[in-house]
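> no FASTA, just this:
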């Protein structure tokens, strides 16, 4: 291993709030970059010395490590590290871009002129979603609670930035939408924040819930959801990675847009693995803008 | 007008529980059959004397009437009455079949070998869903609270019938599913009943909520919904009728299966319009098995 890209899942896993109960032996981390030291019998996709990235298909091992074994990270859960990227950038690429691509493009078919709301937009996934929306000609509305992130989000390519919380997101977003509606909301907050998005949705819009930062229950608001055919859809990257056809489409999309420069990993801060406690505390502070990376 | 097909919407509309606030002048009813007495300028799809059906595209008029006008029911909201059906059957055909088709086939892509749960299955929509599931080779699990309806539901073509409520539906359905899961749940109950279906869903399964018979709030159960990519999707027939391409596909599906006999309107009881109060009370009793029709 050369570097580890940190994700919210790492914090959730550590603190006992992950989606599923960890199944020991297991460890922290779902993403990283490294170099192949050996390949098993029957592996032809990778060669010794090749730079590769780990995808979060498997929870049994931990990439917070100097070496990982194929028993824990089989070839099916690996993907090449693009030549354009160094080890730190390569560790910050795949989870955020594939997560955003899977929901916005593969499942929702976001396209030119469509409105998409991206909440908690300063995360690595949020920033990838902003870039992907722009790449396909969609109009993004990025939301953040932190006024200091507004300028950075605009610079990152958001069409609009709204500083808001659950209490005022509806009105502020509707002011931007006018008579239009959101084709997609891409939301890791859930709870009252997701509920407040319902009046902003277009006919048959989809609210993807891919996290629970609010730690609140989420109500399905029956009448408007039925009248407008709106979906509340749970989503996690495994729904891309576990399906080879989707993973291949996502890989192609990301590599194509990486080459044209419309998509790029955005590294916020780098910590040596020895400072992993500080790195987790920094992620929990919500001060970051993009990816936190550990170097091995 | 010759006949009116009653729907749950009629009762909800009358009692002030409809999805949207009625916008007067308006009246009861969303479906019926009749004969064209006159056509306006520019109408070429219909001729005087032709037998037609009214679709629920417009809420301003009421088909509980001897005559209705094109101002309230324009040509775009009409569809032919199939020759095979009499006026009463024609009034009982379109809303139930198009509602079930739109969710199961058009939006969810139900097909051979897929499991679909159909709750409140003795309604006209539930019975249409059972027939449509069978027509495409899917495996239907019909649910009812009423043990006396079990045999009729099996006779109507359900693959399995489960007598249950929210407290025991999960276990009973999982016993049938084994290691499989529901691709689709088609549910007008909502509340705790919908919530109890989540553990029965397949990866990326869709729970369509198209009513609120339970009159309870519905929680989005975040962790399983995210882990399995499950959707809670609001749905109403307008999402088919308002889109000409969908309506045309639905019309073709229904007419094709009507001709082969795999789909048929199922009339439970007929009331003259003068007994409309009794007809509404009968619908509210939940004793029906299929469509309640008013004759004009």
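Everything's here; your move. Note that the structure is predicted; figures quoted are calculated from it, not measured.

> so how far is chain B from residue A:199?
According to CB to the nearest CB, to the nearest Å, residue A:199 and chain B sit 13 Å apart. (C-beta placed from N, C-alpha, C; glycine too.)

> report pLDDT for the nearest residue to that residue once chain neighbours are set aside.
Spatial nearest neighbour of residue A:199, excluding adjacent residues (CB to CB, 6 or more residues apart in numbering or on different chains): residue A:170 at 5.4 Å. Residue A:170 is assigned 98 on the pLDDT scale.

> near residue A:259, how many other residues are there?
A total of 11 residues lie near residue A:259 under the criterion other CB atoms under 10 Å in any protein chain shown.

> got the contact list for it?
residue A:84 (CB atoms under 8 Å, 6 or more residues apart in numbering or on different chains).

> and the next helix or strand past the helix or strand hosting it?
According to DSSP states H and E, residue A:259 maps onto helix A:244-260. Downstream of helix A:244-260, the next assigned helix or strand under DSSP H and E is strand A:267-272.

> and chain A, what are its domains?
Taking automatic domain parsing as the reference, chain A has its domains at A:3-93+A:265-295, A:107-235.

> can you put these in CSV and add distance to residue B:65 and mean neighbour count?
Output for these, formatted as CSV (distance: least, CB to CB, whole Å; neighbours: other CB atoms under 10 Å in any protein chain shown):
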stretch, distance to residue B:65, mean neighbour count
domain A:3-93+A:265-295, 54, 18
domain A:107-235, 25, 21
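
> quick one: the residue of chain A most remote from its centre from residue A:80, how far?
Computed with CA atoms, centre = their mean, the maximum C-alpha offset from the centroid of chain A is found at residue A:41, amounting to 33.2 Å. Distance of residue A:41 to residue A:80, computed by CB to CB, to the nearest Å: 21 Å.

> quick one: low-confidence residue ranges for the stretch 51-200 of chain A.
Applying pLDDT under 70 to the stretch 51-200 of chain A picks out residues A:57-60, A:71.

> residues in it within reach of chain B, list them.
Within the stretch 51-200 of chain A, the residues that sit near chain B (CB under 8 Å from any CB of the partner chain) are A:190, A:194.

> can you tell me the element the residue in the stretch 51-200 of chain A that chain B sits nearest to falls in?
Residue of the stretch 51-200 of chain A nearest chain B, by CB to the nearest CB: residue A:190 (5.8 Å). Using DSSP H and E, residue A:190 maps to neither a helix nor a strand.

> quick one, what contacts the closest residue in space to residue A:222 that isn't next to it in sequence?
Excluding the flanking residues, the one nearest residue A:222 by CB to CB, 6+ apart is residue B:212, at 5.2 Å. Residues counted as contacts of residue B:212 (CB under 8 Å, 6+ apart) are A:222, A:223, A:226, B:17, B:188, B:189, B:190, B:191.

> state the pair within the residues you listed that is farthest apart.
By the measure CB to CB, A:223 and B:189 form the most distant pair in the contacts of residue B:212, at 15.1 Å.

> which parts of chain A are strands?
Taking DSSP state E to define them, one finds strands in chain A at A:3-5, A:32-35, A:51-54, A:78-80, A:115-118, A:139-144, A:160-163, A:182-187, A:201-209, A:218-220, A:231-234, A:267-272, A:291-295.

> nearest to residue A:64, of those?
Of the strands of chain A, nearest to residue A:64 by CB to CB is strand A:3-5, at 5.7 Å.

> what lines up beside the closest one in the sheet?
Neighbouring strands of strand A:3-5 in its sheet, by DSSP bridges, are strand A:32-35 (antiparallel), strand A:291-295 (antiparallel).

> mean confidence (pLDDT) on the shortest one, please.
Read it as strand A:32-35. Mean predicted confidence for strand A:32-35 is 96.

> picking that back up, I'd like to know which of the contacts of residue B:212 is nearest to residue A:120.
residue A:222 (26.2 Å).

> skipping adjacent residues, who's closest to residue A:234 in space?
residue B:225 (3.2 Å).

> hang on, the one you found packs against residue B:219?
No: using CB atoms under 8 Å, residue B:225 is not in contact with residue B:219, being 9.9 Å away.

> ok, whatever residue of the stretch 1-150 of chain A ends up closest to chain B - contacts?
As assessed by CB to the nearest CB, chain B sits closest to residue A:19 within the stretch 1-150 of chain A, at 5.0 Å. Neighbour list for residue A:19: A:12, A:236, B:223, B:226, B:227 [criterion: CB under 8 Å, 6+ apart].

> quick one: pLDDT of the fourth one?
If you check residue B:226, the pLDDT there is 96.

> can you pull the pLDDT of the residue lying closest to it once chain neighbours are set aside?
Leaving aside its chain neighbours, residue B:226 sits nearest to residue A:234 (3.8 Å; criterion: CB to CB, 6+ apart). pLDDT for residue A:234: 98.

> next up, the contacts around residue A:234.
Neighbours of residue A:234 in contact, by CB under 8 Å, 6+ apart: A:208-210, B:220, B:222, B:224-231.

> which of these sit farthest apart?
Every pair of the contacts of residue A:234 checked by CB to CB; the farthest is A:208 and B:224, at 15.4 Å.

> the stretch 1-150 of chain A: helices as residue ranges?
Ranges of helices in the stretch 1-150 of chain A, per DSSP state H, counting those that start in this stretch, are A:8-15, A:87-90, A:94-101, A:124-135, A:150-155.

> between the ones you listed, which one is nearest to residue B:49?
Of the helices of the stretch 1-150 of chain A, nearest to residue B:49 by CB to CB is helix A:124-135, at 54.0 Å.

> and the closest one, what does it pack against?
With contacts taken as 3 or more CB pairs under 8 Å, 6 or more residues apart in numbering or on different chains; DSSP states H and E, helix A:124-135 sits against helix A:94-101, strand A:115-118, strand A:139-144, helix A:244-260.

> burial check on the nearest residue to residue A:84 once chain neighbours are set aside, number of neighbours?
Once flanking residues are discounted, residue A:84 sits nearest to residue A:258: 6.3 Å by CB to CB, 6+ apart. By the criterion of other CB under 10 Å, residue A:258 has 18 neighbours.

> do the same with residue A:240
24.

> residue contacts, it?
A:98, A:99, A:101, A:102, A:106, A:246, A:247, A:250.

> distance of the last one relative to chain B?
Same thing as residue A:250. Noted for residue A:250: a distance of 15 Å to chain B, by CB to the nearest CB.

> burial of that residue, as a residue count?
24.

> ok, now the second one?
Neighbouring residues of residue A:99 were enumerated by other CB under 10 Å; the total is 30.

> next: the one 3 residues further on.
In terms of burial, residue A:102 registers 27 neighbours under the definition other CB under 10 Å.

> that one contacts residue A:233, doesn't it?
No: the pair residue A:102 / residue A:233 is not scored as a contact, 11.4 Å apart, by CB under 8 Å.
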